[in-house]
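**Q** Starting from these lines, generate the structure:
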Amino acid sequence: MSFEKLNLIPAIQKALTAEGYTTPTPIQEEAIPILLQRQDLLGCAQTGTGKTAAFAIPILQLMHADQQTDRRSNYIKALILTPTRELAIQIDESFASYGRFTGLRHLVIFGGVSQKNQTDALRNSVDILVATPGRLLDLMNQGFINLQHVKFFVLDEADRMLDMGFIHDVKKVIAKLPAKRQSLFFSATMPPDVAKLADTILYKPARVEVTPVSSTAERVEQAVYFVSTKDKKNLLNHLLQDPAMVSVLVFTRTKHGADKVVKDLLKEDITAQAIHGNKSQNARQNALSNFKSGDTRVLVATDIAARGIDVDGLTHVVNYELPNIPETYVHRIGRTGRAGASGIALSFCDGDEEKEYLRDINKLTGQAIPIVRNHPYELIGAAPAPTPAERRTPSQPKAGGQQPKPDGGKKRWFSSDRNRK
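**A** Below is the predicted model of the structure:
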């Protein structure tokens, strides 16, 4: 199916053509027709599936239709609530791209910066507001924002919203919305507390679930290295000697850990920057911009800061520390292998508590991540015994699909495959 078959208005179709969009992703193909019928929607989709366009395009079309009969321009008609500044900026940019020919005005607001530019823009009237919870409530309390005329409400990344402790803020915002509205609820995972929240927001929603929440992207190759915590920095430096690791996103569990990894990489003359909640907004945007342009080879991030990162051509994700929540692993490696491209996800496991995390990840995804053996910093005795497939020589057929090569998998995982793009 092409976008032309989704009954989009010329103004939006023109914008999509300018962006080079021709074929909708599965979630776009399923969600757009439902939303154009003004029905509530519960969307469960893996990161990188194109869900921003899945809700932005129909909202723009419906708002464009509404403005033909309602010319009032002094109130907010659509609210998109999202957990992080990076994701809020990304969503606002999407509305700007898809709605460039509609005449609709949009604004993004978030904390960590002066509110003056945001309040000045609000005084000039806004149709579509993209916001993070804290700054939204702050400006509502100051009298700058009134939500009583909102017709479209989107709660994006609901699972992350709860993880970050925003549940009470979200409920305060919802209490200020009109009862009669179209609501959209998107989440990459659907644990019980998220499903319960959805029940309080949506009215007879259609459900769109493109990929099971426990599945990893099919085009992402995965591998795990057993390595002691003290040798992780040495292993990362060793792997980065491979020029095929062009654009690398490294995950740590803590902000301090992210800064330490950057410090270690800079000592090895590897360009790296960190992005996390303790960084100023300007510093975060600078790091992301440098990473997207290729000036910075390695971006080190915490999970919360990374949720809004969308970088074309990201070749590798490295889990410097395995997450203690298995669903987070799916989110992390979904940063690569996006939009039909291939990617590589590598994980470091210290053999102690992280071994339990790895077991949980394998259980959730229903597959055992291949182990890279005989690497220079291997933690002896930590990895399970080699399987029969791993004991085979390269000339022997390998059962159950491809496995890392007995030499440690360097050629397998880091060869420069020019056909990836």
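**Q** list the contacts for residue 66?
**A** Neighbouring residues of residue 66 by C-beta atoms under 8 Å, 6 or more residues apart in numbering: 77, 151. Quick note: C-beta positions are derived from backbone N, CA and C, even for glycine.
**Q** By mean pLDDT, point me to the weakest helix or strand of the protein.
**A** helix 410-414 (a mean of 39; mean pLDDT, DSSP states H and E).
**Q** Would you mind measuring from residue 369 to residue 87?
**A** 27 Å (C-beta to C-beta, to the nearest Å).
**Q** quick one: which of these two has more around it?
**A** residue 87 (25 against 19; other C-beta atoms under 10 Å).
**Q** Pretty sure that one sits against residue 156.
**A** Yes. Between residue 87 and residue 156 there is a contact at 7.2 Å, judged by C-beta atoms under 8 Å.
**Q** what residue ranges in the stretch 51-200 of the chain score low on pLDDT?
**A** The model of the stretch 51-200 of the chain has pLDDT under 70 over residues 70-73.
**Q** rerun that using 90 as the cut-off
**A** Low-confidence segments of the stretch 51-200 of the chain (pLDDT under 90): 51-52, 66-75, 83-90, 93-94, 97, 111-114, 123-125, 157-165, 167, 187-195.
**Q** Could you double-check that residue 58 sits in contact with residue 35?
**A** Yes. Contact criterion C-beta under 8 Å: residue 58 and residue 35 qualify, at 3.7 Å.
**Q** neighbours of residue 123, just the number please.
**A** Neighbours of residue 123 using other C-beta under 10 Å come to 9.
**Q** Phi, psi for it please.
**A** Per-residue torsions, residue 123: phi -70, psi -30 (degrees, to the nearest 10).
**Q** Show me what the strand or helix carrying residue 249 is in contact with.
**A** Assigned by DSSP states H and E, residue 249 belongs to strand 248-251. With contacts defined as C-beta under 8 Å, 6+ apart, strand 248-251 is touched by 236, 240, 261, 291, 297-303, 306, 309, 311, 314-321, 323, 332, 335-336.
**Q** one more time with 6 Å, if that's ok
**A** Identification of contacts with strand 248-251 by C-beta atoms under 6 Å, 6 or more residues apart in numbering yields 298, 299, 300, 314, 316, 317, 318, 319, 320, 332, 335.
**Q** Please flag which of the residues you listed sit within helices.
**A** residue 332 (DSSP state H).
**Q** Restricting to C-alpha, output stretch 36-43 in PDB.
**A** The C-alpha atoms that make up stretch 36-43 are tabulated as PDB, following Å, rounded to 0.1, in the frame of the first residue of the first chain:
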ATOM      1  CA  LEU A  36      -9.400   9.400  10.500                       C
ATOM      2  CA  GLN A  37     -12.700   7.900  11.700                       C
ATOM      3  CA  ARG A  38     -12.200   9.800  15.000                       C
ATOM      4  CA  GLN A  39     -12.000   6.700  17.000                       C
ATOM      5  CA  ASP A  40      -9.800   6.300  20.200                       C
ATOM      6  CA  LEU A  41      -6.800   4.100  19.700                       C
ATOM      7  CA  LEU A  42      -4.500   1.900  21.800                       C
ATOM      8  CA  GLY A  43      -1.200   1.400  20.000                       C
END
